[in-house]
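Peer 1: got a sequence here, can you model it:
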Amino acid sequence: MAKKFKLKSFHNVDTTDGVIWQKILLFAIPILLMNFLQQLYNTIDMIIVGNYASDTALGAVGATGPVTNLLVAVFLGISTGSSVVVSQTYAGGEYKKLHHAVHSSIFIGILNGLILVLIGLLFTEPMLRLMNTPDILFHESATYMKIIFIGMIPTSLYNMASAILRAVGDSRRPLIFLIIAAVVNLILDMILVAGLGLGVTGAAWATFAAQTVSAILGITTLARSDTPYRLFLKEIHFDKKMSLSILKIGIPAGLQSAVVSSANTIVQSQINAYGYRVIEGYAAESRINGFFFMTVNSFSLAMTTFVGQNIGAHQYHRVKKGIRMALGLGCGLVFLLGIIVFGFQREFLALFNVHEESIQYGMQMLSITCIFYFLFGIGDILSGVFRGAGNAFFPMLSAIINMFGVRILWVFLAQQVHPDPISVFLSYPVSWVTMALTMLIYYRSGRWMPREMKLYTQVEKEV
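Peer 2: I've put the predicted structure just below:
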C-alpha cells in the first residue's frame with residue numbers, strides 16, 4: 001500500500017458535492033440502463049426460447065425463476081454490505097480500511113459462489129418438487145437450473161466487483177461490461193437455441209458464458225486500476241474486522257432479499273397449481289414486470305451509495321434532500337413506465353409467442369402491476385437509504401412482516417374466498433401498500449440515522 005494512487009478516476013461520480021438531483025441521475029441512469037439491459041437480455045432469452053425451443057420450454061424456464069432468485073438473493077445481498085462499507089471508507093479517505101474492504105469483498109464473493117454451486121447441484125430437483133412444478137415442465141426446468149447454478153461463481157464475482165465500483169461512484173463501467181455480456185448472450189442464444197436446437201440447455205449455457213465474460217471484465221478492471229480501491233489478486237483474503245462490518249449489513253440485506261424471494265417461491269407454487277397456461281402467462285408477465293423492478297432498484301442502489309458517501313464525508317445536509325429527490329424521480333419514472341406498458345400490454349406479451357389463454361392471464365396480472373408498482377418504489381428506495389446509513393436490520397424486519405407475512409397470509413386467505421390465480425397475484429400490491437406505509441413511518445421517526453447525523457439534525461432544528 002506504499003504505492004501512490006490516483007484519488008479520483010474519470011469514471012467516478014462524487015455524490016458529496018454539486019447539484020443533488022443531477023448527481024443522483026448521473027449515478028442512477030447507468031445503473032438503470034444496466035438493469036434494463038440485464039432484464040432485456042433475460043427477456044430476449046425467453047423470447048428466443050419461446051419461439052425456437054419446445055412448446056413447454058418457456059414455462060420450464062419461468063418456473064425456475066423464484067427458486068433460483070431465492071438462493072441467489074441470500075448471497076448477492078452480501079454485495080450491498082460491501083457497497084456500504086466501501087462507499088463510507090472511500091468518501092472518508094480511510095484508504096487502509098478501503099484496501100481490506102475490497103479484498104475481503106472479493107473473497108466473500110468467491111465463497112458465496114462456491115456455496116451456491118453446491119446447493120444448486122444437490123437440491124435443484126427437491127426444490128422443484130416442493131414448488132409443485134408440473135411433470136410436463138420438470139425435466140427441462142431441472143436441466144436449466146443446474147447449469148445456471150454452475151455459473152454462480154462468475155455471477156457472484158461480477159456482482160461484487162460491480163458493488164465496489166458503484167460504491168466509489170463508478171456506475172458506468174459495470175454498464176459497459178453488461179452490454180458486452182448481453183451481446184455474447186444474444187449471439188450464443190441464436191447459435192445454440194435457434195441454430196443448433198439445444199433448447200433450454202443452450203439458453204442456460206449462453207447465460208453461463210455471458211456471466212463469465214462480465215466477471216472477468218469486472219475483476220480485471222479492479223486489478224488494473226490505479227486507485228485506492230485497486231485489487232491485488234495475491235492479497236485476496238478474509239480480514240476479520242472488515243468482513244464482519246460487511247456481513248453486518250450484507251447478511252440482513254441478503255435475508256431481506258431471500259424473504260421476498262421465498263414469498264415469491266410460495267406464490268409461484270400456488271400459481272403452478274393452476275396449470276401451465278397460467279404458468280406461461282405468469283412467466284411472460286414476470287419478465288415485463290422485471291423492468292418495473294429494475295427501475296426502482298436502480299434508485300435504491302444509487303441511494304445506498306449516495307447516503308453512504310455523504311455520511312462518510314459528513315455531508316448530512318445533503319442526505320434528506322437527496323432522499324426526497326430520489327423518491328420523486330424513481331416513483332415518477334415507474335408511473336410513466338406503467339402508462340406505457342398498460343397501453344401496449346398485449347403487444348409486449350405477444351413477443352413471447354405464448355398461447356392466447358396465457359396472454360389473457362398475463363394481461364390481468366400486468367394491469368395490476370402497472371397501477372400499483374410506484375408503491376413498491378417507496379419501500380425499496382427507502383430500504384436503500386437505510387442500508388446506506390448502515391441500518392440493514394429494519395428493512396429486513398419490514399420485509400419479513402410485509403413482503404412475506406402479509407403476502408403469504410393474503411395468498412392462502414384469498415384462495416379460500418375466491419380460488420383463482422388472480423387472487424394469488426393480488427398478494428403483490430397488498431404487500432406493497434403495507435411495506436410503503438411501514439417504511440415511511442420509520443423514515444419519519446429518524447431512528448435510521450447514525451448518531452452524528454441525529455445530533456446534526458437536532459442542532460439544525462434548534463437553529
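Peer 1: which parts of whatever helix or strand S269 lives in are buried?
Peer 2: When secondary structure is defined by DSSP states H and E, S269 falls within helix 240-272. By 16 or more other Cβ atoms under 10 Å, the buried positions in helix 240-272 come out as 242-243, 245-247, 249-272. (Glycine included, C-beta is placed from N, CA and C.)
Peer 1: cool, stretch 359-377 as well?
Peer 2: Those buried within stretch 359-377 under the rule 16+ other Cβ under 10 Å are 359, 361-370, 372-377.
Peer 1: alpha carbons of that stretch, in CSV - could you do that?
Peer 2: What follows is stretch 359-377 as a C-alpha-only set of coordinates in CSV (Å, rounded to 0.1, in the frame of the first residue of the first chain):
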residue,chain,number,x,y,z
ILE,A,359,-51.9,-13.8,-22.8
GLN,A,360,-55.2,-13.2,-21.1
TYR,A,361,-53.8,-14.2,-17.7
GLY,A,362,-50.7,-12.1,-18.3
MET,A,363,-52.7,-9.0,-19.2
GLN,A,364,-54.7,-9.3,-16.0
MET,A,365,-51.5,-9.5,-14.0
LEU,A,366,-49.8,-6.7,-15.9
SER,A,367,-52.8,-4.4,-15.3
ILE,A,368,-52.4,-4.8,-11.6
THR,A,369,-48.7,-4.2,-11.7
CYS,A,370,-48.9,-1.0,-13.8
ILE,A,371,-51.3,0.6,-11.3
PHE,A,372,-49.5,-0.2,-8.0
TYR,A,373,-45.8,-0.5,-8.7
PHE,A,374,-44.9,3.0,-7.5
LEU,A,375,-45.8,1.8,-4.0
PHE,A,376,-43.1,-0.8,-4.2
GLY,A,377,-40.8,2.0,-5.3
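Peer 1: residues in contact with A194?
Peer 2: Contact analysis of A194 by Cβ atoms under 8 Å, 6 or more residues apart in numbering lists 48, 51-52.
Peer 1: ok, the residues you listed vs S383, which is closest?
Peer 2: Distance to S383 across those (Cβ to Cβ) is lowest for I48, with 33.5 Å.
Peer 1: so what's that closest one up against?
Peer 2: Neighbours of I48 in contact, by Cβ under 8 Å, 6+ apart: 189-190, 193-194, 203.
Peer 1: which intervals of the chain have sub-threshold pLDDT?
Peer 2: Within the chain, the stretches falling below the threshold (pLDDT under 70) are 1-13, 39, 41-43, 54, 58, 62-63, 65-67, 69-76, 459-463.
Peer 1: what's A142 in contact with, if anything?
Peer 2: A142 makes contacts with 124-125, 128, as judged by Cβ under 8 Å, 6+ apart.
Peer 1: phi first, then psi, for G390.
Peer 2: As for G390, its main-chain torsions (degrees, to the nearest 10) stand at phi 90, psi 10.
Peer 1: rewinding a little: buried ones from the contacts of I48, can you make that a PyMOL selection?
Peer 2: Written as a PyMOL command, the selection of buried residues from the contacts of I48, which uses 16+ other Cβ under 10 Å, is:
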select buried, resi 189+190+193+203
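Peer 1: ok, the contacts of I48 vs L217, which is closest?
Peer 2: D189 (19.6 Å).
Peer 1: on contacts alone, who are the packing partners of the helix or strand harbouring that closest one?
Peer 2: Element membership of D189 [criterion: DSSP H and E] is helix 172-189. Under the contact definition 3 or more Cβ pairs under 8 Å, 6 or more residues apart in numbering; DSSP states H and E, helix 172-189 sits against helix 20-52, helix 152-167, helix 199-224.
Peer 1: would you turn the contacts of A194 into TSV with distance to N297?
Peer 2: Output for those, formatted as TSV (distance: Cβ to Cβ, whole Å):
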residue	distance to N297
I48	25
N51	28
Y52	30
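Peer 1: which one of those sits closest to I110?
Peer 2: Nearest to I110 among the contacts of A194: I48, at 31.2 Å, using Cβ to Cβ.
Peer 1: in the strand or helix carrying A101, what's buried?
Peer 2: Using DSSP H and E, the secondary-structure element containing A101 is helix 95-130. By neighbour count, and taking 16+ other Cβ under 10 Å as the criterion, the buried residues in helix 95-130 are 97-109, 112-113, 115-117, 119-120, 124, 127-128.
Peer 1: same thing with stretch 18-26?
Peer 2: Along stretch 18-26, the positions that meet the burial threshold by neighbour count (16+ other Cβ under 10 Å) are 20, 23-26.
Peer 1: give me the distance between the residue nearest in space to the middle of the chain and I191.
Peer 2: Taking Cα atoms, centre = their mean, the centroid of the chain lies closest to N297, which sits 6.4 Å from it. Distance of N297 to I191, given as Cβ to Cβ, to the nearest Å: 31 Å.
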